[in-house]
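1. A predicted structure for the sequence below; I have some questions about it.
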Amino acid sequence: MTVNEMPIIWISLGVVSLIASTDQIAPSNPMGLLAAALTVAAIGALAWAVIAAVRSRSVPMWALDVALPDGWRTSTDSPSVGRVVRGALLPFIPDRRGLAKVEHHRYGPDRRHRLQVFRRRDASAGVPILIHFHGGRFRGGDAGRDSLPLMRSLARRGWVCVSATYRLGDAGAFPASVVDAKRVLAWTRDHAHALGVDPTRVVVAGSSAGAHLAMFVALTPGQPSYQPGFESADVSVSAAVGLYGYYGPRTSEPISSPAQHATAAAPPIFVLHGDHDSIVPVDWARGFAQQMQRVSHHPVAYAELPGAQHTFDMFSSVRAEAVAVAVERFSNWAVGAGRVLTKGPEPVTD
């Protein structure tokens, strides 16, 4: 699933393989010729993946242009040449420049109630915060694993980012993991001063199963049944972001799907999904976004990324860098104008 996010590496390995096997490539060795032909074909396909990723890097920003009000852009909105080159040639090398050492905290009594905090070394006080939930089909995963390019990018630009884990498997069966996600929000607001964040500017995000939690949290503020023991805590958010997410029901009850909680008051939403996703079909994500567009009075942006697989932001690839820029711009807009500028309830046709 990550091959098409670092094709230059595989192209290089293919070239090395060809060079190393030149003595096997001869008319008298049909198997050697076949292997060489297959390697060349693979190199060609990977080269096309590089071209496609570079060409499609504007797709997330285009999706925001369609969904958000005119004049929403306030700064340069494309990855710099340096970020594109780095994403193509060195996607597996994390960029930690300017970032403080990752902080570790506990937000509840369970051993899975852990989170990590990403921030600049010279972080200011009163900055917005992004809270991210990892994927893993509600059975695996951990804090600080998914969407690291996004969180490091936002942290480098002044945000504080939190990566949280939650109960998994039987212990995290619905709605337990939802309760955990809301507990993270409550803990963050309770510790806003120590974290140096503005508790009124909170964006929630998630990858795969974590996107399910992010959307569920965003669509169910003030529902005490999902906040046992902290019913009065404010768990509302300024916006929500879903990355290659699953948004369907988790049990036989439709109520376990975030879409069942969609209302006109839903916060601004940004859904990003790869059209080659082999884990969560793109039709599912598209359907969720269209349903939210029909219901919500706030903008709902949907970006379908050409050639992208599941976990398309595991490495700092060209595509991951473009997604990070778009999510940053969307989040900046949401914590500023996003909560007061609304659009009319115009239906969106399928």
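-> On my side now, so go ahead.
2. in the protein, which residue is closest to the centre?
-> Centroid-nearest residue in the chain: residue 243, 3.7 Å away (criterion: C-alpha atoms, centre = their mean).
3. what is that one paired to in the beta sheet?
-> Using DSSP bridges, the bridge partners assigned to residue 243 are residue 207, residue 272.
4. may I have the secondary structure class of residue 60?
-> Here residue 60 is recorded as helix under DSSP: H, G, I helix; E, B strand; the rest coil.
5. that one reaches residue 326, doesn't it?
-> Yes. Residue 60 is within contact range of residue 326, at 3.3 Å (criterion: C-beta atoms under 8 Å). C-beta coordinates here come from the backbone N, C-alpha and C atoms, glycine included.
6. got a pLDDT number for residue 227?
-> Residue 227 carries a pLDDT value of 97.
7. which stretch of helix or strand covers the nearest residue to it once chain neighbours are set aside?
-> Once flanking residues are discounted, residue 227 sits nearest to residue 182: 5.5 Å by C-beta to C-beta, 6 or more residues apart in numbering. Assigned by DSSP states H and E, residue 182 belongs to helix 176-190.
8. quick one: buried residues of that helix?
-> 176-189 (16 or more other C-beta atoms under 10 Å).
9. now do stretch 214-222
-> Of the residues in stretch 214-222, 214-221 count as buried by neighbour count, 16+ other C-beta under 10 Å.
10. closest one of those residues to residue 266?
-> The closest of the buried residues of stretch 214-222 to residue 266 turns out to be residue 219 (C-beta to C-beta; 5.6 Å).
11. wait, the closest one touches residue 262, no?
-> Yes. Contact criterion C-beta under 8 Å: residue 219 and residue 262 qualify, at 6.1 Å.
12. okay, and the common contacts of these two?
-> Taking C-beta atoms under 8 Å, 6 or more residues apart in numbering as the contact rule, residue 219 and residue 262 touch no residue in common.
13. just the mean pLDDT for stretch 117-125, thanks.
-> In this model, stretch 117-125 has an average pLDDT of 91.
14. list the contacts of it.
-> Here stretch 117-125 makes contact (C-beta under 8 Å, 6+ apart) with 98-100, 102-105, 151-152, 154-156, 158-163, 195-196.
15. quick check: end-to-end length of it?
-> This stretch, stretch 117-125, spans 14 Å end to end (C-alpha to C-alpha, to the nearest Å).
16. for residue 230, give me its contacts.
-> 182-183, 186.
17. ok, now how distant is it from residue 108?
-> Per C-beta to C-beta, to the nearest Å, residue 230 is found 10 Å from residue 108.
18. same check on residue 217?
-> Distance from residue 217 to residue 108, counting by C-beta to C-beta: 15 Å.
19. likewise residue 272?
-> From residue 272 over to residue 108 (counting by C-beta to C-beta), the distance is 29 Å.
20. who has more neighbours out of the two?
-> A side-by-side neighbour count of residue 272 and residue 108, using other C-beta atoms under 10 Å, places residue 272 first with 30 against 19.
21. correct me if wrong: the more buried one contacts residue 325.
-> No. The pair residue 272 / residue 325 is not scored as a contact, 12.0 Å apart, by C-beta under 8 Å.
22. overlap in contacts, these two.
-> Common neighbours of residue 272 and residue 325 (C-beta under 8 Å, 6+ apart) are residue 60.
23. show me the strands in this protein, by range?
-> For the chain, the strands defined by DSSP state E cover 103-106, 114-118, 127-133, 160-164, 197-207, 239-243, 269-274, 300-305.
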